[in-house]
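S.K.: quick one: sequence and predicted model below, then my questions.
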Amino acid sequence: MITWTVGSGGLLGGAVERAAGRAFTGSPVPWSDPAGSGAILAADAARFTREAGQDPWRLVWAAGAATVSASQEEADSEIAALRQLLEALRITPPRGPGCAFITSSAGGVYAGSAAPPFDAATVPAPISAYGRLKLAQEALAVDVLHGVCPVVIGRVANLYGPGQNLAKLQGLVSRLVLATLTQQPINIFVPLETTRDYVYVDDAAADVIALCDEAAATQAEARVTVIASGVGVSVGQLIRSVQLVTKRRVPIALGTHPSSRDQVIDLRLVPTSPHAGMALPAGIKRVQLDLLARLQRMPVTA
């Protein structure tokens with residue numbers, strides 16, 4: 001089976017590509033250029049069809065630079081790029097059995113939903129441009145690829161693990177661990193009782209692969225799933241866990257940020273396919289080892 005992971009440079013995309021086996025190598029995508037990125041994705045879609053031939057295939061959309069603080073303009077750019085890819089795939093899909101997986105955000109689409117914990121049957125209620133973007137991407141994929149291939153929507157919990165991109169305003173586990181290593185205070189913009197579900201990236205990637213394989217084999221209709229650990233952890237609990245694992249204090253500075261208005265207190269989740277995964281302390285330790293190695297590789301400045 002051949003797998004094209006759009007966004008293989010990201011945390012989830014990289015883990016999916018490592019777990020997938022035979023990989024299609026897409027072209028570098030200039031995400032800051034909406035027209036250019038869409039054109040490159042459309043061209044790659046034609047090349048992917050040729051390379052896949054009659055073999056089984058997976059298309060995993062794990063791309064995007066938008067975060068909870070994204071503007072509507074950034075969101076519009078991302079959905080435009082996805083549309084060009086999907087339209088190209090609809091016109092000339094691979095001949096073998098396949099599946100399209102669309103990575104969505106559980107936190108984004110359920111931010112305004114009622115009565116946590118949330119599962120795949122929960123009515124989405126996004127309250128930010130980011131959440132509306134994810135819901136629009138889900139609907140777009142189902143609409144464009146109807147009759148072409150199964151579509152699996154994966155509403156993913158808060159991902160963490162080695163390799164987190166700290167240039168984005170996300171990745172609380174990595175940022176807390178980094179604060180213990182540098183002793184530079186980390187700004188916390190939400191109440192300490194704010195609760196999220198933290199899922200280790202390799203566990204999420206394994207779920208993506210399994211869901212794709214099942215859909216490709218059965219050729220079932222579109223399906224919505226929640227990929228999560230099933231364990232709600234408050235920010236306060238997470239801080240204590242990081243301190244226990246690293247044996248160092250996390251320097252905290254309480255502050256504010258415009259994105260705080262889109263952060264809700266309770267986002268507990270019920271995974272669609274519950275299974276044993278990486279325990280949070282073990283995952284935190286792996287993040288610590290990764291960040292230590294990254295810091296050691298940094299050039300020394302005078």
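M.R.: Received the coordinates, thanks.
S.K.: counting neighbours, which bits of the helix or strand Ala282 falls within end up buried?
M.R.: For Ala282, the host element (DSSP states H and E) is helix 280-297. Neighbour-count burial for helix 280-297 flags 280, 283-284, 286-288, 290-291 (criterion: 16 or more other C-beta atoms under 10 Å). For every residue, glycine as well, the C-beta is placed using N, CA and C.
S.K.: quick one: these as CSV, columns for pLDDT and distance to Gln54 too.
M.R.: Compiled in CSV, the buried residues of helix 280-297 are given as follows (pLDDT from 0 to 100; distance: C-beta to C-beta, whole Å):
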residue, pLDDT, distance to Gln54
Leu280, 98, 43
Gly283, 98, 39
Ile284, 98, 44
Arg286, 98, 39
Val287, 97, 41
Gln288, 97, 46
Asp290, 96, 40
Leu291, 96, 44
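S.K.: I'd guessed Thr103 sits against Val152; true?
M.R.: No. Using C-beta atoms under 8 Å as the test, Thr103 is too far from Val152 to be in contact (9.8 Å).
S.K.: of those two, who's got more company?
M.R.: Ranked by neighbour count (other C-beta atoms under 10 Å), Thr103 and Val152 place Thr103 first, with 28 against 24.
S.K.: part of a strand, is that one?
M.R.: Yes. Under DSSP: H, G, I helix; E, B strand; the rest coil, Thr103 sits within a strand.
S.K.: any idea what it is bridged to?
M.R.: Gly154 (DSSP bridges).
S.K.: could you pull up the residues touching it?
M.R.: Neighbouring residues of Thr103 by C-beta atoms under 8 Å, 6 or more residues apart in numbering: 7, 12, 60-62, 154, 156, 208.
S.K.: one step back: so which of the buried residues of helix 280-297 comes closest to Gly98?
M.R.: Nearest to Gly98 among the buried residues of helix 280-297, counting by C-beta to C-beta, is Gly283 at 31.4 Å.
S.K.: so where's the stretch 1-150 of the chain shaky on pLDDT?
M.R.: 65-75 (pLDDT under 70).
S.K.: strands of that one, residue ranges please.
M.R.: Along the stretch 1-150 of the chain, counting by DSSP state E, counting those that start in this stretch, strands occupy 2-6, 57-61, 98-105.
S.K.: okay if I get the buried residues of helix 280-297 as CSV plus distance to Thr92?
M.R.: Output for the buried residues of helix 280-297, formatted as CSV (distance: C-beta to C-beta, whole Å):
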residue, distance to Thr92
Leu280, 44
Gly283, 41
Ile284, 45
Arg286, 41
Val287, 41
Gln288, 46
Asp290, 40
Leu291, 43
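S.K.: quick one: contacts of the helix holding Ala282?
M.R.: By C-beta under 8 Å, 6+ apart, the list of residues contacting helix 280-297 from outside reads 160-164, 173-174, 177-178, 180-182, 198, 200, 229, 231, 233, 238, 241-242, 244-246, 278.
S.K.: which of those residues fall within strands?
M.R.: Under the assignment DSSP state E, the contacts of helix 280-297 contribute 160, 198, 200, 233 to strands.
S.K.: save those as TSV, and put in pLDDT and distance to Arg22 too.
M.R.: Listed next are these as TSV, based on pLDDT from 0 to 100; distance: C-beta to C-beta, whole Å:
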residue	pLDDT	distance to Arg22
Tyr160	97	28
Tyr198	98	30
Tyr200	98	24
Val233	98	36
